[in-house]
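K.L.:
Give me the fold of what follows.
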Amino acid sequence: MTAGLYVHVPFCLTRCGYCDFNAYEGLDGLKPRYLAGLIAEAALTAPAWIDESIDSVFLGGGTPTTMTPGQLGLLLAALDSSFTIDRGAEITIEANPDTVDGPTLEALRAEGVDRLSMGAQSFDRAVLDALERIHQPEAVVRAFAAARGSGFDNVNLDLIYGAHGETLASWEATLQETVALAPEHVSAYALTIEPATPLGRAVAAGRVPGPDPDLQADMFLAACRILGDAGYRHYEVSNWARPGFECRHNLGYWERRPYLGLGAGAHSYREDRRWWNTRPPVEYLERVERGEVPVGGEERLEPSDAYLEEVFLRLRTLEGIPAAWVDDGAAAPLLTSGLLEERADALVPTERGMLLLNELVIALTAA
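P.N.:
Residues are numbered from 1 along each chain as shown. Got it, this is the predicted structure:
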């Protein structure tokens, strides 16, 4: 079985108010030490993965492109030296539009990066302000053109919908501008409020209203319609792709294939064991520099939990679950109501069913 490799780079130009990722601004001086730490962790962990073939590498964050192409090239070379990475592996890097230009992207392509995932979020200035994004819509257009000019033929645009003040018309305009750029892949996520973030605290204090779930449902269906009409295949709840451009790395998560995470706070999974690295970057580095694998915690899934997780993850995708897993009596009302459909002996959620994913899982797994 193939495996994925995720590398967490926690540095950002600024931290957005909605973000709950393990990301930090103002730590630029830590970058050389962090690069050395990632290379050391790769060497420490690689022996346990010697029998795994890596078919995807994902540099995420944070904003990996706040590091220089030279630093990222050294990292990729070290990963290739430590692990068995397939020659045709998908290698993705996340980017903020303001952190990339033609020379940067040309250098990344030369280092073997073949997939770019760019955080556009919206093409509405007011929505970007509400999200506390520092880039402007024209920066996305410039960065996208630079990516094409640098030879990237596999580009994803990340979008977020449901921010304070965003209307259905504004969201539809963002979708149309996304389609006009013609990326190979689009990810569209409903804004969620995380309590520990500045936005979460503002919502809890009543200073900012939380997202309207009914409006977000309409926005989701608008994405289904506009992206579907433009030829994008809706292969996972929040992801659309031109045929053949589905994200191989993320498919590994949804298919419960093994993956190893390197870096501060990175998560790993293999054989129903999930573990994660310590989160604070300096603590992570201190442990790696002592020659320790920096695991901060772990959990082992019981068979019943593993089954529920597999049902939930499969129902996020067009793979669905085998019809044989479910009693006919449980599936029938969901098929009749149009929340599920049967395809080649599999039960697959419709786009309306994706809106009610938790309810589908409960209905299909109730004893």
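
K.L.:
Can you mark which positions in stretch 289-300 are buried?
P.N.:
294, 296 (16 or more other Cβ atoms under 10 Å). Backbone N, C-alpha and C define where each C-beta goes, glycine included.

K.L.:
Where does the record place the domain boundaries for this protein?
P.N.:
2-254, 304-365 (automatic domain parsing).

K.L.:
For residue 272, which of those domains is the nearest?
P.N.:
domain 304-365 (5.0 Å; Cβ to Cβ).

K.L.:
Show me the strands in the stretch 251-367 of the chain, by range?
P.N.:
259-262, 267-270, 273-277, 295-300, 321-322, 340-343, 346-349 (DSSP state E, counting those that start in this stretch).

K.L.:
could I get those as CSV with mean pLDDT?
P.N.:
Formatted as CSV, the strands of the stretch 251-367 of the chain follow (pLDDT from 0 to 100):
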stretch, mean pLDDT
strand 259-262, 98
strand 267-270, 98
strand 273-277, 98
strand 295-300, 98
strand 321-322, 94
strand 340-343, 94
strand 346-349, 94
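
K.L.:
out of those, deepest packed?
P.N.:
Highest mean neighbour count among those (mean count of other Cβ atoms under 10 Å): strand 259-262, with a mean of 24.

K.L.:
If you average pLDDT over each of the domains of the chain, which is lowest?
P.N.:
When the domains of the chain are compared on average pLDDT, domain 304-365 comes out lowest at a mean of 92.

K.L.:
Now the terminal residues of it, how far apart.
P.N.:
10 Å (Cα to Cα, to the nearest Å).

K.L.:
surely residue 46 meets residue 84?
P.N.:
No: counting by Cβ atoms under 8 Å, residue 46 stays clear of residue 84, with 9.0 Å between them.

K.L.:
more crowded one of the two?
P.N.:
Applying other Cβ atoms under 10 Å to residue 46 and residue 84 shows that residue 46 carries more neighbours, namely 18 against 15.

K.L.:
Surely residue 365 is in contact with residue 308?
P.N.:
Yes: because the distance of 6.1 Å satisfies Cβ under 8 Å, residue 365 is recorded as touching residue 308.

K.L.:
quick one on the thing from earlier: can you redo the strands of the stretch 251-367 of the chain as JSON lines, where the extra columns are distance to residue 242?
P.N.:
Shown next, in JSON lines, are those (distance: least, Cβ to Cβ, whole Å):
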{"stretch": "strand 259-262", "distance to residue 242": "24"}
{"stretch": "strand 267-270", "distance to residue 242": "28"}
{"stretch": "strand 273-277", "distance to residue 242": "32"}
{"stretch": "strand 295-300", "distance to residue 242": "36"}
{"stretch": "strand 321-322", "distance to residue 242": "26"}
{"stretch": "strand 340-343", "distance to residue 242": "21"}
{"stretch": "strand 346-349", "distance to residue 242": "20"}
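
K.L.:
Out of the ones you listed, which is closest to residue 39?
P.N.:
Nearest to residue 39 among those is strand 259-262; the distance by Cβ to Cβ comes to 9.3 Å.

K.L.:
helices or strands up against the closest one?
P.N.:
Under the contact definition 3 or more Cβ pairs under 8 Å, 6 or more residues apart in numbering; DSSP states H and E, strand 259-262 sits against strand 2-9, helix 31-45, strand 267-270, strand 273-277.

K.L.:
and with 7 Å instead?
P.N.:
Counting contacts by 3 or more Cβ pairs under 7 Å, 6 or more residues apart in numbering; DSSP states H and E, strand 259-262 is packed against strand 2-9, helix 31-45, strand 267-270.

K.L.:
Now do the SS call for the nearest residue to residue 198 once chain neighbours are set aside.
P.N.:
Once flanking residues are discounted, residue 198 sits nearest to residue 17: 4.1 Å by Cβ to Cβ, 6 or more residues apart in numbering. Assigned with DSSP: H, G, I helix; E, B strand; the rest coil, residue 17 falls in the coil class.

K.L.:
What's opposite the closest residue in space to residue 27 that isn't next to it in sequence in the beta bridge?
P.N.:
Spatial nearest neighbour of residue 27, excluding adjacent residues (Cβ to Cβ, 6+ apart): residue 11 at 5.8 Å. Beta-bridge pairing for residue 11 (DSSP bridges): residue 24.

K.L.:
quick one: contacts for residue 11?
P.N.:
By Cβ atoms under 7 Å, 6 or more residues apart in numbering, the contact list for residue 11 reads 24, 27, 28, 31, 61, 62, 63, 66, 67.

K.L.:
what do you get for residue 315?
P.N.:
Residue 315 touches 321, 349, 357, 360, 361, counting by Cβ under 7 Å, 6+ apart.

K.L.:
Please name every helix or strand in contact with the top strand by length along the chain.
P.N.:
Ordering each strand of the chain by length in residues (DSSP state E) puts strand 84-95 first. Applying 3+ Cβ pairs under 7 Å, 6+ apart, we find strand 84-95 packed against strand 53-61, strand 115-121, helix 248-254.
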